[in-house]
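[1] Fold the following.
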Amino acid sequence: MSRTRKGLLVTIEGIDGAGKSTLLRELGPSLSSAGFKNTLVSEPSEGFYGKLARSTAARDPVVGALLFTLDRKETRPELEQLLRRNDVVLQDRSFYSTLAYQGAVLSPAMRQALDVLEREVARAPDLVLLLHGPVTVALGRIRGRARKREPLEKERLLRAVQHRYLLLAKAEKRLFRKISFDQPADEMLRKALSAIRDKLGSSG
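    As a prediction, this is how the structure comes out:
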């Protein structure tokens, strides 16, 4: 399906263990089968600021948030190009991830300043698919992974992060579509595709 207008930026958000990677693996081929040209990008990037942000964020949320923001500024031109070439750009995380993760441990004043900065610098998504559900389920999936558990995957922090995500979703109801991750993967995929199709139809 060909579109002359700019493509749709769809962001997948949620705490670690929510199933973002699994959903993203299925979304691309499903959209292609439906005739929508699409591509996938991830945050942070593999560039200088992205790698530095990844290694810094857990121990220093303020510096981490600023590095994530610099990474978004640096990669925004490439993202804009992808949006001109595709019907849909699927993005694994966005500035909402910084507002949720780093925002969960910042003071209200710093959180508000970060919100203003992110919205000034970053390309805002057209649709946010927020995967939410029991933190215990997410933690069970994390424990099943081979790698060492990361600091950001501690239960108390994940609960605080999910709370921030849900507050953001409540404040921006038209932008967010909530999908429970405590259900079969094929049902999550069906709901995600439905939300994307609805958004594509409304932007036509």
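
[2] Setting aside sequence neighbours, what's the nearest residue to the spatially most central residue of the chain?
    Residue closest to the average C-alpha location in the chain (C-alpha atoms, centre = their mean): Arg93, at 2.3 Å. Residue nearest to Arg93 in three dimensions, not counting chain neighbours: Glu43, with 4.2 Å by C-beta to C-beta, 6 or more residues apart in numbering. From N, CA and C alone the C-beta is placed, and that goes for glycine too.

[3] Now do the one you found: how many residues are near it, please.
    Counted by other C-beta atoms under 10 Å, the residues lying close to Glu43 total 21.

[4] rewinding a little: can you pull the contacts of the residue nearest to the centre of the chain?
    When contacts are counted by C-beta atoms under 8 Å, 6 or more residues apart in numbering, Arg93 touches Thr11, Ile12, Glu13, Lys20, Ser42, Glu43.

[5] Would you mind checking those residues for buried ones?
    Among the contacts of Arg93, those buried by neighbour count (16 or more other C-beta atoms under 10 Å) are Thr11, Ile12, Glu13, Lys20, Glu43.

[6] possible to save those residues as JSON lines with secondary structure, pLDDT and distance to Gln183?
    JSON lines is the format used below for the buried ones among the contacts of Arg93 (DSSP: H, G, I helix; E, B strand; the rest coil; pLDDT from 0 to 100; distance: C-beta to C-beta, whole Å):
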{"residue": "Thr11", "secondary structure": "strand", "pLDDT": "98", "distance to Gln183": "20"}
{"residue": "Ile12", "secondary structure": "strand", "pLDDT": "98", "distance to Gln183": "16"}
{"residue": "Glu13", "secondary structure": "strand", "pLDDT": "98", "distance to Gln183": "17"}
{"residue": "Lys20", "secondary structure": "helix", "pLDDT": "96", "distance to Gln183": "15"}
{"residue": "Glu43", "secondary structure": "coil", "pLDDT": "95", "distance to Gln183": "25"}
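
[7] Alright, I will stop here.
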